[in-house]
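K.L.:
following is a predicted model, sequence given first.
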Amino acid sequence: MTSVLLSLIGVFLGLLITGLPFGILMTGIGVISLAGVVVNNAIVLIDYIGQLRNRGLAIREALIRACTVRFRPVMLTAITTILGLIPMATGVSFDFIRLRWDIGGESSQWWGPMAVAVIFGLAVATVLTLGVVPTLYSLIESWRTGFRRIHGR
């Protein structure tokens, strides 16, 4: 859930940079779809950390190896999504009936804020997820270990 909050930093930053308003409908849909991708990336990372811990790796080694191994799939997911949404965010499309490029069509005003929200949110959240999620995992494990020592469990 931390990744979703981190993605909102990127959403608001992207809307500020592009000067677009936060439209409840389309930007909200962008945030919801963004949350799905970002949570999936965090789950992939946390699941692999858990698998490595179950194999007997120490927490530090598991975190480093998981971030190293899962870096490529997480980045590929983010990059392909961002590249796929750039035409929608910029308003560039191809009119197949007239066989010409259309820049700034009517639909770009409707879909643009959603695409900008996903692009910037995903870019920021991907970078922060690869750094913040392992750090939080390490902190939580440290607290659990300390709690077990104090209470003898």
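P.N.:
Sure, I can see it. Numbers count the residues shown, from 1 in each chain.
K.L.:
do a quick rundown of the strands in the protein.
P.N.:
92-95, 100-103 (DSSP state E).
K.L.:
and Thr68, which of those strands is closest to it?
P.N.:
Thr68 lies closest to strand 92-95 among the strands of the chain, at 36.3 Å (Cβ to Cβ). The C-beta positions use only the backbone N, C-alpha and C, and glycine is treated the same way.
K.L.:
which residues touch the closest one?
P.N.:
Pro87, Arg100, Trp101, Asp102, Ile103, Gly105, Ser107, Ser108 (Cβ atoms under 8 Å, 6 or more residues apart in numbering).
K.L.:
try 7 Å
P.N.:
For strand 92-95, contacts defined as Cβ atoms under 7 Å, 6 or more residues apart in numbering pick out Pro87, Trp101, Asp102, Ile103, Gly105.
K.L.:
mean confidence for that strand?
P.N.:
Averaged across strand 92-95, pLDDT comes to 82.
K.L.:
may I see the buried residues of it?
P.N.:
Buried residues in strand 92-95, counted by 16 or more other Cβ atoms under 10 Å: Ser93.
K.L.:
C-alpha coordinates for it, CSV please?
P.N.:
Provided in CSV are the C-alpha atoms of strand 92-95 (Å, rounded to 0.1, in the frame of the first residue of the first chain):
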residue,chain,number,x,y,z
VAL,A,92,-0.9,12.5,-31.0
SER,A,93,-3.0,10.0,-32.9
PHE,A,94,-3.3,8.6,-36.5
ASP,A,95,-6.6,9.1,-38.4
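K.L.:
ok, the helix or strand bottoming out on mean pLDDT in the chain: who's next to it in the sheet?
P.N.:
When the helices and strands of the chain are scored by mean pLDDT, DSSP states H and E, strand 92-95 comes last with a mean of 82. The pairing partners recorded for strand 92-95 under DSSP bridges are strand 100-103 (antiparallel).
K.L.:
please list the outside residues in contact with the strand it pairs with.
P.N.:
Applying Cβ under 7 Å, 6+ apart, the contact partners of strand 100-103 are Gly91, Val92, Ser93, Phe94, Asp95.
K.L.:
phi, psi for the first one please.
P.N.:
The phi/psi pair for Gly91 (degrees, to the nearest 10) reads phi 80, psi 20.
K.L.:
can you pull the contacts of it?
P.N.:
Counted by Cβ under 7 Å, 6+ apart, Gly91 has contacts Ile103, Gly104, Gly105, Ser108, Gly112.
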